[in-house]
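Novice: Compute the structure for the input listed below.
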Amino acid sequence: MTAEADQADVEKVLAGDAAAFENIVRRWQGPLINLAYRFCRDRGRAEDMAQEAFLRAYRALGGWRKDAAFSTWLFALATNLYRSELRRIPPRMASLSEIAEPGDSRASFTGAEKDLDHAVRRAVLALPAKYRDTLTLFYFHDRDVAQSARSLGVAEGTVKARLNRGREILRAKLPRLLKELDLKEAR
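Specialist: Sure thing, here's the model as predicted:
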């Protein structure tokens, strides 16, 4: 449904109905802000970066070749923009304990599940950028290997290798984070 709606809205925009782009923004605003947040860890900056991504997408809409899903094209454009923005103005370094998560719709989690989810997300945020970006697209934004590869501008084999290495690093770091979490709960 979303792919067809995206295509219909893109065609309307290209035919001169600029207002149809609002539908695209509504559909993809949350995911692009969340992706930007994973890059910069600052909600306000993430919103600004997502807004810039939509502006660039609007200007480049005629360049979408339709050989991939619109969402893949949009995520690739946004990912490249976010990387460039962070090279230009790096994020402020923060300790893991200072990192706040954006609003989350998983309100049905129990306390223990929320703590585990939080620990996993903190561990992913602490990964080197190439692993963090790959795991974020693959797991948190439900992109498959091919879509992640196109978004990141790398080969599918590179995505698979980064997923594997990122998971290895997480397996090594997660027990320590969970132990810290248990110690905090015991206090």
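
Novice: only C-alpha atoms for contact and neighbour calcs from this point on.
Specialist: Will do.

Novice: Check which residues of stretch 59-72 are buried.
Specialist: Within stretch 59-72, the residues scored as buried using 16 or more other Cα atoms under 10 Å are Leu61, Ala69, Phe70, Ser71, Thr72.

Novice: same check, this time on stretch 129-141
Specialist: Tyr131, Arg132, Asp133, Thr134, Leu135, Thr136, Leu137, Phe138.

Novice: before we move on, what about stretch 27-44?
Specialist: Those buried within stretch 27-44 under the rule 16+ other Cα under 10 Å are 28-29, 32-43.

Novice: Pull the contacting residues for Thr2.
Specialist: Thr2 makes no contacts at all, as judged by Cα atoms under 8 Å, 6 or more residues apart in numbering.

Novice: Format the buried residues of stretch 129-141 as a markdown table; extra columns: pLDDT and secondary structure.
Specialist: Formatted as a markdown table, those follow (pLDDT from 0 to 100; DSSP: H, G, I helix; E, B strand; the rest coil):
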| residue | pLDDT | secondary structure |
| --- | --- | --- |
| Tyr131 | 89 | helix |
| Arg132 | 87 | helix |
| Asp133 | 87 | helix |
| Thr134 | 90 | helix |
| Leu135 | 88 | helix |
| Thr136 | 86 | helix |
| Leu137 | 86 | helix |
| Phe138 | 88 | helix |
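
Novice: Redo those as JSON lines? Include distance to Ala53.
Specialist: What follows is the buried residues of stretch 129-141, written out as JSON lines (distance: Cα to Cα, whole Å):
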{"residue": "Tyr131", "distance to Ala53": "22"}
{"residue": "Arg132", "distance to Ala53": "20"}
{"residue": "Asp133", "distance to Ala53": "17"}
{"residue": "Thr134", "distance to Ala53": "19"}
{"residue": "Leu135", "distance to Ala53": "21"}
{"residue": "Thr136", "distance to Ala53": "18"}
{"residue": "Leu137", "distance to Ala53": "16"}
{"residue": "Phe138", "distance to Ala53": "20"}
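
Novice: between these, which is closest to Ala76?
Specialist: Of all these, Ala76 sits closest to Leu137, with 10.3 Å by Cα to Cα.

Novice: From Ser151, how far off is the nearest residue to that closest one once chain neighbours are set aside?
Specialist: Distances taken as Cα to Cα, 6 or more residues apart in numbering put Arg143 closest to Leu137, at 5.6 Å, once the chain neighbours are dropped. Taking Cα to Cα, to the nearest Å as the measure, Arg143 falls 9 Å from Ser151.
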